[in-house]
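Enquirer: Build me a structure from this.
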Amino acid sequence: MLDLMSGTYNILTVIFLLLGLAAFVMTVIALFHAIRTPPRSFAVAGKQTKQLWLIILGFAALFTFAAAVGYIAILGSGGIFVIAAVIASGIYLADVKPAVNEYRGGGGNNGPYGPW
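Expert: Coordinates of the predicted model:
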């Protein structure tokens, strides 16, 4: 019976490790997008400033990295910060990224009415 419990514990450990890694990857994608986006795009799109999003996503990356390596348990102490980090990254990817992409400075293949 003890072996069954340790097997369940190992499966849950792997599941939470994968969830932590997925959260970290999502946060890093959002952070790299925010770094590459010009500050003017945030203002034109009516979103918070680039500096604020970099601070939020920087802390989010820190907390999700800590969860991915097992330093912070996702459902234990400190888990509220990991959940907040995932929510902040999700908000950035779902709301801010599409809005600022419309106003990003484009390459040379854009015509007067959009891409050719």
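Enquirer: what about the helices in this protein?
Expert: Using DSSP state H, the helices of the chain run over 2-36, 39-45, 50-68, 79-91, 97-101.
Enquirer: residue closest to the middle of the chain?
Expert: Nearest to the geometric centre of the chain sits Thr27, at 2.1 Å (CA atoms, centre = their mean).
Enquirer: show me what contacts it?
Expert: Residues counted as contacts of Thr27 (CB atoms under 8 Å, 6 or more residues apart in numbering) are Leu57, Ala60, Ala61, Thr64, Ala85, Val86, Ser89. For every residue, glycine as well, the C-beta is placed using N, CA and C.
Enquirer: Now render those residues as JSON lines, adding neighbour count.
Expert: As requested, the contacts of Thr27 are exported to JSON lines (neighbours: other CB atoms under 10 Å):
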{"residue": "Leu57", "neighbour count": "24"}
{"residue": "Ala60", "neighbour count": "27"}
{"residue": "Ala61", "neighbour count": "20"}
{"residue": "Thr64", "neighbour count": "27"}
{"residue": "Ala85", "neighbour count": "25"}
{"residue": "Val86", "neighbour count": "22"}
{"residue": "Ser89", "neighbour count": "24"}
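Enquirer: okay, who's weakest in those residues by pLDDT?
Expert: Ranked by pLDDT, the contacts of Thr27 bottom out at Thr64 (91).
Enquirer: contacting residues around that residue?
Expert: The contact partners of Thr64, taken as CB under 8 Å, 6+ apart, are Gly20, Ala23, Phe24, Met26, Thr27, Val82, Ala85, Val86, Ser89.
Enquirer: which residues does the residue lying closest to Ile35 once chain neighbours are set aside contact?
Expert: Computed as CB to CB, 6 or more residues apart in numbering, the closest residue to Ile35 that is not its neighbour in sequence is Leu54, at 6.9 Å. Contacts of Leu54 were listed using CB under 8 Å, 6+ apart, and they are Leu31, Ala34, Ile35.
Enquirer: Skipping adjacent residues, who's closest to the second one in space?
Expert: The shortest distance from Ala34 to any non-neighbouring residue, by CB to CB, 6+ apart, is to Trp53 (4.9 Å).
Enquirer: Ok, the first one next?
Expert: With CB to CB, 6+ apart as the measure, Leu57 is the residue that lies nearest to Leu31, at 4.3 Å, once sequence neighbours are left out.
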